[in-house]
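Undergrad: 3D, please:
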Amino acid sequence: MAQFYQALADGQFPPRIAGNLYNGLGSPILTYIYPLPYLLGSIVHFFRFSFADSFKIVIGAEFVFSAVACFFWLKEVFGSTRAAFLGALFYVWVPYRFLLIYVRGSISESTAYTFLPLLFYFLTRLPKKRNILNLALTSLSAAFFLMSQDLVAMISIPIIGGYVLLQSIFNKSPKYFLMAALAGILGFAIASINYLPSLFERNFIRFDEIYALTYVSHFVYFKQLIYSPWGYGFSLPGPNDLMSFQIGLTHLLVLAIFLLVLFVLSLKKISFFKNVSNLFLREVPGQVLVLTAFFLLVFVISTLLMIQNELISTIWRNFPPLGRIDYPWRLLGLTTFALAFIVAFVAKSVKSGLVFVVLVVAVIVANRHHLNINESIMWDDNFFLNYPNTATQIGEFTPKWRQTTQMPIGFDANQKVKVVQGQAAVGNVSAKSNQVSFELDVTSQNARILINKFYFPKVVVVIDSKKLEAFKDFTITGPDSLKLDTEKETSGLILLDLPNGRHAVKIQYSETPLRLFSDYLSLGSLALVLGLIVINFRGPKGFGIFKFT
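TA: Predicted coordinates:
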């Protein structure tokens, strides 16, 4: 968040380079990661909140808003305030959501699971009011979801597609299907500022090389889903992880009640079960029953794909897209989402108000200890703004021209320019996250100058108003220019050869044609969608998004 904010302050729009990471060598991490969580945090920080407080405000607001969004979605489906309330409560008051906040500190996944129910709300509303306004709002919610966390988006797309297909069948409306597809395309176009570089410029970094088989060591054992001790450590190979992956005891209780309800409903032709059903259960529309069966399938598949098992491992090996999910237990987010719908179904179908009250109390009590923090450490804004490490666990955003993913040692982060051969005086050095400029007086016949910044396409080097071309007019340190057994920590940097005389030098990180296209596509699509919302907005009566009926 701090690096994102600093990039904005340095005039990067959109932010692409985190200038202080890798001990000041910089990192292209902002080119690839989801921007929305850090944009929200930067907006809060702009109003003079510290970065730590900005993080807390954003992640806390998301926790509340995700419950609100889930409530309105479930209210739209079930038409019941009680069902919507209980489903929304179970959606947020669950071990995995507290794991995201208090253990992993994953503001990105928290953001994604805030906008996922909002997207489903608009997808549910769209067939009822197939107009431009709802199309635009669906597109915007899709964009926000996509820009929150790419892995959550990837694992959710099949569920979103299945839900849209079912809604199309229920409403017998090809027009709805086309509108939902168009909303998805517009949402992706807005999010293209992140997704196009992530999809087509991944070969510039070491991500796929490092994460290719990460998932192998992070499957979950079945008993961990039932119960595993709450901890504040890391996910480890084997069953002895230092964090908990339990689904939630109360959530499993509701699942058992749901299966019992299904059993009674399936045997309604028998007089005894018909009497039980009439006494304890309400009639539920067939469409809602089908949707509940769909989310039960989502729950079952998501759970099975997490479990340590040779057959499951074989599925992951033979279906490459799954390998992009670095940790199989990320699917706990989908089980939580699916269970929220199932909980709402139980609250809708079971007549007893006592069951509702018991479940509310039970879920709060069962998860009451998960709100505790492990340890309080106070870091000020300077710590985050000048953070010198990679900001990731294993340096997966290291540019491919660097021969190692290890942290550089022995660099002075403030020394952006270094004379490595010949004699030259360096002056008027100016450095931002995305550029370095300086003046150079070469007093020897030639001088070789090392710029302590990673090379990354498209970096523009200008010497005395003349643009240089990478690998032709200037060198990237690597096997041809280094003794890698002793100098690999300086690999991937920019190396200039300059003749005798005075020179003005500027190194500027710029956009590749693909990134530039994605910038304009994203900005243009956002302007289009916002324009449609403004043009079609008719005030509270015409809008009526959150109006109770």
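Undergrad: What residues does Trp379 make contact with?
TA: Ala52 (C-beta atoms under 8 Å, 6 or more residues apart in numbering). Every C-beta, even on glycine, is put in place using the N, C-alpha and C of the backbone.
Undergrad: Show the backbone phi and psi for it.
TA: phi -120, psi 130 (degrees, to the nearest 10).
Undergrad: repeat for Ser518
TA: Backbone torsions for Ser518, taken as degrees, to the nearest 10, come to phi -70, psi -30.
Undergrad: pLDDT at the residue nearest to it when sequence neighbours are not counted, what is it?
TA: Distance criterion C-beta to C-beta, 6 or more residues apart in numbering; nearest residue to Ser518, sequence neighbours excluded, is Leu196 at 4.0 Å. Turning to Leu196, the model gives it a pLDDT of 96.
Undergrad: May I have the secondary structure class of Leu196?
TA: Here Leu196 is helix, with the state taken from DSSP: H, G, I helix; E, B strand; the rest coil.
Undergrad: Over to Pro408?
TA: From three-state DSSP, the assignment for Pro408 is coil.
Undergrad: In contact with it, which residues are there?
TA: If you count contacts by C-beta under 8 Å, 6+ apart, then Pro408 has 22-23, 25, 489-490 around it.
Undergrad: between these, which has the most around it?
TA: Among the contacts of Pro408, Tyr22 has the most neighbours (other C-beta atoms under 10 Å), with 29 neighbours.
Undergrad: so how far is Gln12 from that one?
TA: 17 Å (C-beta to C-beta, to the nearest Å).
Undergrad: Show me which helix or strand of this structure is least confident by mean pLDDT.
TA: helix 539-543 (a mean of 49; mean pLDDT, DSSP states H and E).
Undergrad: who touches Leu265 in this structure?
TA: Contacts of Leu265 (C-beta under 8 Å, 6+ apart): 277, 281, 289.
Undergrad: Drop anything exposed from these.
TA: Neighbour counting with 16 or more other C-beta atoms under 10 Å marks 277, 281 as buried within the contacts of Leu265.
Undergrad: Turn the contacts of Leu265 into CSV, including secondary structure, pLDDT and distance to Pro408.
TA: Listed next are the contacts of Leu265 as CSV, based on DSSP: H, G, I helix; E, B strand; the rest coil; pLDDT from 0 to 100; distance: C-beta to C-beta, whole Å:
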residue, secondary structure, pLDDT, distance to Pro408
Ser277, helix, 75, 68
Leu281, strand, 77, 65
Leu289, helix, 93, 59
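Undergrad: what helix or strand does Leu30 sit in?
TA: helix 29-32 (DSSP states H and E).
Undergrad: C-terminal to that helix, what's the next element?
TA: helix 36-46.
Undergrad: one step back: quick one: distance of the helix holding Leu30 to the chain centre.
TA: 12 Å (C-alpha atoms, centre = their mean, to the nearest Å).
Undergrad: sec struct for Val290, please.
TA: Applying three-state DSSP: Val290 is helix.
Undergrad: Please report how far the nearest residue to it once chain neighbours are set aside lies from Ala293.
TA: Leaving aside its sequence neighbours, Val290 sits nearest to Leu166 (C-beta to C-beta, 6+ apart; 6.6 Å). To Ala293, Leu166 is 10 Å away according to C-beta to C-beta.
Undergrad: Please apply the same query to Gly395.
TA: Counting by C-beta to C-beta, the gap from Gly395 to Ala293 is 44 Å.
Undergrad: So between those two, which is more surrounded?
TA: Gly395 (22 against 14).
Undergrad: who touches the more buried one in this structure?
TA: Residues near Gly395 by C-beta under 8 Å, 6+ apart: 206, 210, 405-407.
Undergrad: Over to Lys418?
TA: Contacts of Lys418 (C-beta under 8 Å, 6+ apart): 449-450, 452.
Undergrad: Now flag whichever of those is closest to Thr477.
TA: Leu450 (7.3 Å; C-beta to C-beta).
Undergrad: Centre-most residue in the chain?
TA: Among the residues of the chain, the one closest to the centroid is Gln149, at 1.4 Å (C-alpha atoms, centre = their mean).
Undergrad: How about the contacts made by that one?
TA: 34, 37, 108-109, 111-112 are the contacts of Gln149 under C-beta under 8 Å, 6+ apart.
Undergrad: Drop anything exposed from these.
TA: By neighbour count, with 16+ other C-beta under 10 Å, these hold 34, 37, 108-109, 111-112 as buried.
Undergrad: Closest to Leu253 out of those residues?
TA: Glu109 (25.2 Å).
Undergrad: Which SSE is immediately downstream of the helix or strand hosting the closest one?
TA: Assigning secondary structure by DSSP H and E places Glu109 in helix 107-125. Sequence order places helix 132-146 as the next helix or strand after helix 107-125, per DSSP H and E.
Undergrad: what's the longest strand in the protein?
TA: Counting by DSSP state E, the longest strand found in the chain is strand 435-454.
Undergrad: Please save the CA atoms from that one in PDB.
TA: The C-alpha trace of strand 435-454 is given here as PDB (Å, rounded to 0.1, in the frame of the first residue of the first chain):
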ATOM      1  CA  GLN A 435      13.000   7.400 -12.800                       C
ATOM      2  CA  VAL A 436      16.600   8.300 -12.100                       C
ATOM      3  CA  SER A 437      18.300  11.400 -13.700                       C
ATOM      4  CA  PHE A 438      21.800  12.700 -13.100                       C
ATOM      5  CA  GLU A 439      24.700  14.600 -14.700                       C
ATOM      6  CA  LEU A 440      28.000  13.000 -15.500                       C
ATOM      7  CA  ASP A 441      31.400  14.500 -16.200                       C
ATOM      8  CA  VAL A 442      33.600  11.700 -17.700                       C
ATOM      9  CA  THR A 443      37.300  12.600 -17.300                       C
ATOM     10  CA  SER A 444      38.800   9.400 -18.600                       C
ATOM     11  CA  GLN A 445      38.500   8.200 -22.300                       C
ATOM     12  CA  ASN A 446      35.500   6.100 -21.400                       C
ATOM     13  CA  ALA A 447      33.500   5.300 -18.300                       C
ATOM     14  CA  ARG A 448      31.200   2.400 -17.400                       C
ATOM     15  CA  ILE A 449      28.300   3.400 -15.200                       C
ATOM     16  CA  LEU A 450      26.000   1.100 -13.200                       C
ATOM     17  CA  ILE A 451      22.500   2.200 -12.500                       C
ATOM     18  CA  ASN A 452      21.300   0.500  -9.400                       C
ATOM     19  CA  LYS A 453      17.800  -0.100 -10.800                       C
ATOM     20  CA  PHE A 454      16.400  -3.300 -12.400                       C
END
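Undergrad: what pairs with the following helix or strand past that strand, and is each one parallel or antiparallel?
TA: Toward the C-terminal end, the helix or strand that comes next after strand 435-454 (DSSP H and E) is strand 459-463. Strand 459-463 has its sheet partners listed here by DSSP bridges as strand 466-468 (antiparallel), strand 493-509 (antiparallel).
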